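Peer 1: Sequence and predicted structure are below.
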Amino acid sequence: MKEELKEQLKTWADKYNTIEFIANDPVQFPHRKRNNTKQDIEISGFITAYLSFGNRKQIIKICNIVDNMMGKSPYEYVVTKRWEKDFDKENLSSFYRMISHKQMNTIFSKLYHIYNSFESMEECLLAQYEGTPFERICKAFEFSDKSPQKKINMFLRWMIRQDGIVDLGIWEHFSPSDLIIPLDTHVCRMAYLLGITQNKSYSLSAAKSITQELKKIFPSDPCKGDFALFGYGVENKQ
């Protein structure tokens, strides 16, 4: 990677990894709980990430609905099982796009079992599973660890990156260097156009290869490069 490109990516990362980024991004929802408990932030962040597909306006609209359902304390919402009334486990109709009420019930059920046994989601992942943060959380929620899982890697970025700006960094036992960039088709395209990857496919291998290239610029914090790729898209209207 040319030095000129490295410097440009650093510039874009610093320009877009700012407080102003939060207002128009789904990360605003766990930020609303920033002064709450660790559990509240984890749950708000996880549910927000789980619903984060589609355009930003749609995502923010549906996340606002769920945020209002959960109220001041997502943790209380989970452990008191209020979600059972909101999301019928037999209801196969759509809650948001391809996600049914039943699937929402399943996710909240998994969260209930985590917080019924552990103080936090981070503690659960440390105690119950092995591997990278990505591998552990996929095992916990029974997601495939063979696909890019953009939403899960975005959630992990929120929880683990600790620069105190956009990402909340409330998990202290995992390293930002172990994160994988949250890959969607847009990010993949940006990385390809910049020559960061020759892999056009939306795949876990592409996500890992882009992450490895970004480590050349941000050695201990490759996912800071996520803001750089976002910035490239904005600056070049891609």
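Peer 2: The structure has been received and is ready for your questions.
Peer 1: Not counting sequence-adjacent ones, nearest residue to residue 76?
Peer 2: residue 82 (8.0 Å; CB to CB, 6 or more residues apart in numbering). Every C-beta, even on glycine, is put in place using the N, C-alpha and C of the backbone.
Peer 1: list the buried ones in the longest helix that the chain contains?
Peer 2: When the chain is parsed with DSSP state H, its longest helix is helix 101-117. By neighbour count with 16 or more other CB atoms under 10 Å, helix 101-117 contains the buried residues 101, 103-105, 107-109, 111-112, 114-115.
Peer 1: Identify each of the strands in the protein and give its residue range.
Peer 2: Counting by DSSP state E, the chain has strands at residues 94-96, 99-100.
Peer 1: Show me the helices in this structure, by range?
Peer 2: Using DSSP H, helices in the chain cover 3-16, 19-22, 28-32, 38-50, 56-70, 74-79, 83-86, 101-117, 121-128, 133-141, 150-160, 185-194, 204-214, 225-235.
Peer 1: Now those in TSV, please, with extra columns for mean pLDDT and distance to residue 175.
Peer 2: Below are these laid out as TSV (pLDDT from 0 to 100; distance: least, CB to CB, whole Å):
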stretch	mean pLDDT	distance to residue 175
helix 3-16	94	18
helix 19-22	95	23
helix 28-32	98	20
helix 38-50	98	18
helix 56-70	97	28
helix 74-79	98	26
helix 83-86	98	32
helix 101-117	98	22
helix 121-128	98	13
helix 133-141	98	9
helix 150-160	97	7
helix 185-194	90	22
helix 204-214	95	13
helix 225-235	89	16
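Peer 1: export these to JSON lines and tack on distance to residue 170?
Peer 2: Formatted as JSON lines, these follow (distance: least, CB to CB, whole Å):
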{"stretch": "helix 3-16", "distance to residue 170": "21"}
{"stretch": "helix 19-22", "distance to residue 170": "15"}
{"stretch": "helix 28-32", "distance to residue 170": "9"}
{"stretch": "helix 38-50", "distance to residue 170": "6"}
{"stretch": "helix 56-70", "distance to residue 170": "18"}
{"stretch": "helix 74-79", "distance to residue 170": "13"}
{"stretch": "helix 83-86", "distance to residue 170": "22"}
{"stretch": "helix 101-117", "distance to residue 170": "15"}
{"stretch": "helix 121-128", "distance to residue 170": "8"}
{"stretch": "helix 133-141", "distance to residue 170": "13"}
{"stretch": "helix 150-160", "distance to residue 170": "6"}
{"stretch": "helix 185-194", "distance to residue 170": "24"}
{"stretch": "helix 204-214", "distance to residue 170": "22"}
{"stretch": "helix 225-235", "distance to residue 170": "18"}
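Peer 1: With residue 92 as the reference, name the closest of the ones you listed.
Peer 2: Nearest of these to residue 92, taken as CB to CB: helix 101-117 at 5.6 Å.
Peer 1: That closest one vs helix 56-70, what angle?
Peer 2: 50 degrees (axes from the mean of the first three to the mean of the last three CA atoms, to 10 degrees).
Peer 1: So which elements touch helix 101-117?
Peer 2: On a contact count with 3 or more CB pairs under 8 Å, 6 or more residues apart in numbering; DSSP states H and E, helix 101-117 meets helix 38-50, helix 74-79, helix 83-86, strand 94-96, helix 121-128, helix 133-141.
Peer 1: what do you get if the cut-off is 7 Å, keeping everything else the same?
Peer 2: Helix 101-117 makes packing contacts with helix 38-50, helix 74-79 when contacts are defined by 3 or more CB pairs under 7 Å, 6 or more residues apart in numbering; DSSP states H and E.
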